[in-house]
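1. With the input below, show me the fold.
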Amino acid sequence: MLHMRTQLGRTIGAAYAPCNHLYLTKSWLAPRTYLTSDTPTAPQSTVRAERVTASPKNRHKLSVYQSTSKDPIFNLAVEEWLFNDVLKVDEHHQILYLWQNGPAVVIGKHQNPWKECDLPAMEKDGVTLVRRYSGGGAVYHDLGNGVFTFISPKTDYDYKRNLGIVTSALKKVRVPAEVTGRNDISVEGRKVSGSAFKNAKDRTIHHGTFLFDVNLAALTKYLTPSKAKLLSKGVTSAAARVTNIRAVNPDATFEGVNEALVEEFVAAYGGVDAEIEEVSPNKALNNAALAKYYNELSEWKWRYGHTPEFEHYVKTRFDWGQFDVHLQSKSGKIDQVKIFSDSLNPGLVEELEKNLVGVEYSRKGVEEATEKARMALKRSVDHAADEHIDQFRDWLVGEL
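-> Numbers count the residues shown, from 1 in each chain. Below is the predicted model:
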């Protein structure tokens, strides 16, 4: 048992006994000078005002998990596994899960990635697209961004308590955070944290991000929608003014924020012992349930195909003709195509229209369709079409 004295005189207990549902278990929260009593913190009264202490008759079981992986798909799979397979509803179980992703754009369950993201720029720069199981807007993640997840039985869920834990933790690292709007956390009018939610019959997820030292230029770059006209039936993310925690307190550390979150999580439930465990992909993916979520989140069908129906209208002029292209997309595939053109090669227009129907709404899909059109025109001895098809393909791919 490892004990650490907190500023409020409470004790965090971390039990490290092996757990039958994890393959790797070890301490990630070691004693640090940050936790000593001479570290400046928010006034005691301010911190205590945002805490809810559990009733003695409803003693909670607390678990803290941290992922060692920076793979956003793995980390979301772990979250789903904790939500569906680990939470023990009948034991007043509360879970705090802390994770961090490499460069990624994470969109809500019902969002349209072609509307929310600059997919060509993401593909070029190696930024992963991930669709989560919860709702909400699109967010950019990188190693300057932290993610927290509260998983609770529905009968013991309180999002205000969770937001209080986060604001108290930020105040502990000398960041004067406050709840703004419905579920955002801001500092001096600028957003540093946003949240999303997911409910099941007897349990709830509340997860959110905190901008520690995120690349704000990248955030703007990848979350800027295409200029093409997209008539969408999906949800549109609202732009927000944001700032980084490091911009407010340059002395803050990422580990310090995570440690403060654990301390405040434990304090919110009366200071009971918390099991603190790491999750590693090396062995954890041997768990059948976790592997199932990982495979589903990885699939193109989930990431792109689970998209609301939308229309995409683009136009351009080549030396050999003008093209107005109307694409109808459904479930991530091109469902209908209509091309208007003054090209002197009507066969090319007809083959493009025909072969674009049914392919993925992606670079790969457009390349497959244009190659089929090329082969069809070669069979009709239309050799002049090759260069035109290349130009059309390169243009349309750039517009997706």
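
2. For the stretch 301-400 of the chain, just list every one of the strands.
-> For the stretch 301-400 of the chain, the strands defined by DSSP state E, counting those that start in this stretch occupy 310-318, 321-330, 333-341.

3. Kindly reformat those strands as TSV containing mean neighbour count, distance to Glu123 and mean pLDDT.
-> Where C-beta positions appear, they are placed from N, C-alpha and C, glycine not excepted. Formatted as TSV, the strands of the stretch 301-400 of the chain follow (neighbours: other Cβ atoms under 10 Å; distance: least, Cβ to Cβ, whole Å; pLDDT from 0 to 100):
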stretch	mean neighbour count	distance to Glu123	mean pLDDT
strand 310-318	16	17	82
strand 321-330	18	18	83
strand 333-341	16	18	83
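
4. In CSV, list those strands along with distance to Val262.
-> Below are these laid out as CSV (distance: least, Cβ to Cβ, whole Å):
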stretch, distance to Val262
strand 310-318, 42
strand 321-330, 44
strand 333-341, 44
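
5. What degree of burial does the residue lying closest to Gly305 once chain neighbours are set aside show, as a neighbour count?
-> Nearest residue to Gly305, sequence neighbours excluded (Cβ to Cβ, 6 or more residues apart in numbering): Gly332, at 3.4 Å. Using other Cβ atoms under 10 Å, Gly332 is surrounded by 21 other residues.

6. Hmm, Gly332 is touching Trp302, no?
-> No - using Cβ atoms under 8 Å, Gly332 makes no contact with Trp302, being 9.4 Å away.

7. got a list of what the residue nearest to Gly305 touches?
-> For Gly332, the contact set (Cβ atoms under 8 Å, 6 or more residues apart in numbering) comprises Trp300, Lys301, Tyr304, Gly305, His306, Thr307, Glu360, Tyr361, Ser362.

8. and the gap between the second one and Lys221?
-> Read it as Lys301. 27 Å (Cβ to Cβ, to the nearest Å).

9. Sketch out the low-pLDDT regions of this structure for me.
-> Scanning the chain for pLDDT under 70 picks out 1-58, 224-240, 307-310, 342, 379-384.

10. And the helices in it?
-> Secondary structure of the chain (DSSP state H): helices at 44-49, 72-81, 113-116, 119-125, 159-172, 216-222, 245-248, 254-268, 281-284, 288-298, 300, 346-356, 363-379, 385-399.

11. Of all those helices, which one comes closest to Ser195?
-> Nearest to Ser195 among the helices of the chain is helix 159-172; the distance by Cβ to Cβ comes to 7.4 Å.

12. could you say what helices and strands the closest one packs with?
-> Under the contact definition 3 or more Cβ pairs under 8 Å, 6 or more residues apart in numbering; DSSP states H and E, helix 159-172 sits against helix 44-49, strand 145-153, strand 178-180, strand 184-187, strand 195-199, strand 203-211, helix 254-268.

13. Reformat the ones you listed as a markdown table; add distance to Ala289 and mean neighbour count.
-> What follows is those, written out as a markdown table (distance: least, Cβ to Cβ, whole Å; neighbours: other Cβ atoms under 10 Å):
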| stretch | distance to Ala289 | mean neighbour count |
| --- | --- | --- |
| helix 44-49 | 37 | 12 |
| strand 145-153 | 15 | 23 |
| strand 178-180 | 34 | 16 |
| strand 184-187 | 32 | 21 |
| strand 195-199 | 17 | 18 |
| strand 203-211 | 15 | 23 |
| helix 254-268 | 25 | 23 |
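
14. Select, out of these, the one closest to Asp319.
-> Nearest to Asp319 among these is strand 145-153; the distance by Cβ to Cβ comes to 45.4 Å.

15. List the strands paired with that closest one, with their directions.
-> Take DSSP bridges as the rule and strand 145-153 pairs in its sheet with strand 93-100 (antiparallel), strand 203-211 (antiparallel).

16. okay, these in TSV with distance to Ser341 next?
-> Shown next, in TSV, are those (distance: least, Cβ to Cβ, whole Å):
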stretch	distance to Ser341
strand 93-100	49
strand 203-211	45
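
17. Of all those, which one comes closest to Phe74?
-> Once these are compared by Cβ to Cβ, strand 93-100 is nearest, at 9.1 Å.

18. re the thing from before, distance of the residue nearest to Gly305 relative to Lys124?
-> Distance, Gly332 to Lys124, by Cβ to Cβ: 20 Å.

19. One more: Asp324?
-> From Asp324 to Lys124 the distance is 27 Å (Cβ to Cβ).

20. Mind putting the helices of the chain into a markdown table with distance to Lys338?
-> Formatted as a markdown table, the helices of the chain follow (distance: least, Cβ to Cβ, whole Å):
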| stretch | distance to Lys338 |
| --- | --- |
| helix 44-49 | 61 |
| helix 72-81 | 36 |
| helix 113-116 | 18 |
| helix 119-125 | 23 |
| helix 159-172 | 46 |
| helix 216-222 | 30 |
| helix 245-248 | 49 |
| helix 254-268 | 51 |
| helix 281-284 | 45 |
| helix 288-298 | 34 |
| helix 300 | 25 |
| helix 346-356 | 7 |
| helix 363-379 | 15 |
| helix 385-399 | 14 |
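
21. returning to what we had before: please identify the member of the contacts of Gly332 with the greatest number of neighbours.
-> Counting neighbours by other Cβ under 10 Å, Tyr361 comes out on top of the contacts of Gly332 with 26 neighbours.

22. Give me the nearest residue to that one, chain neighbours excluded.
-> Nearest to Tyr361 is Ser329, by Cβ to Cβ, 6+ apart, at 4.7 Å.

23. Contacts only, for Tyr361.
-> Contacts for Tyr361 (Cβ under 8 Å, 6+ apart) come out as Trp114, Tyr304, Thr307, Leu327, Ser329, Gly332, Lys333, Ile334, Leu400.

24. Understood, closing this out.
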